[in-house]
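Student: okay, sequence plus prediction incoming.
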Amino acid sequence: MSTHAASPTPERAGKRSVSLPQSLIKEVEVRTGKSGFSAVVSEALEQWLAMAKLREAVEADEREFGPAGDEAMRRAESEW
């Protein structure tokens, strides 16, 4: 999933200190071990960023063209 890991030259990792609920930390570490924790956080942030960019694109589209009408929504849902 990581677009950063797929780059030809691996990007240098940076460090940040974050505060998380202990229960969340424990639950992730049970599944990944301590060494997999950073990969889980990185993937989660990449997914969050992708969704934020998608929301921004939709908002820009709605500002330019207005919200999708009911008929357009029905067509999109039927094709989905």
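Tutor: Happy to help now that I have it.
Student: got any ranges where the protein has weak pLDDT?
Tutor: Where the chain drops to pLDDT under 70, the residues are 1-7.
Student: centroid-nearest residue for it?
Tutor: Gln47 (1.3 Å; C-alpha atoms, centre = their mean).
Student: C-terminal to the helix or strand harbouring Ser23, what's the next element?
Tutor: For Ser23, the host element (DSSP states H and E) is helix 22-32. Later in the chain than helix 22-32, the nearest helix or strand by DSSP H and E is helix 37-65.
Student: tell me the first helix or strand C-terminal of that following helix.
Tutor: The C-terminal neighbour of helix 37-65 among helices and strands, as given by DSSP H and E, is helix 70-79.
Student: next one: the nearest residue to Thr32 once chain neighbours are set aside relative to Pro21, how far apart?
Tutor: Distances taken as C-beta to C-beta, 6 or more residues apart in numbering place Val40 nearest to Thr32, at 5.6 Å, with adjacent residues excluded. Where C-beta positions appear, they are placed from N, C-alpha and C, glycine not excepted. Separation of Val40 from Pro21 (C-beta to C-beta, to the nearest Å) stands at 15 Å.
Student: tell me which of those two has more neighbours.
Tutor: Applying other C-beta atoms under 10 Å to Val40 and Pro21 shows that Val40 carries more neighbours, namely 13 against 8.
Student: wouldn't the more buried one be in contact with Glu27 here?
Tutor: No. Here Val40 lies out of contact with Glu27, judged by C-beta atoms under 8 Å, at a distance of 10.4 Å.
Student: burial measure for Glu43, as a count.
Tutor: Each residue near Glu43 was counted by other C-beta under 10 Å, and the total is 14.
Student: ok so, going back, which other helices and strands contact the helix holding Ser23?
Tutor: helix 37-65 (3 or more C-beta pairs under 8 Å, 6 or more residues apart in numbering; DSSP states H and E).
Student: okay, buried residues for the helix it packs on please.
Tutor: Within helix 37-65, no residue qualifies as buried by neighbour count (16 or more other C-beta atoms under 10 Å).
Student: and it, how far from the chain's centre?
Tutor: Distance, stretch centre to chain centre, for helix 37-65: 6 Å (C-alpha atoms, centre = their mean, to the nearest Å).
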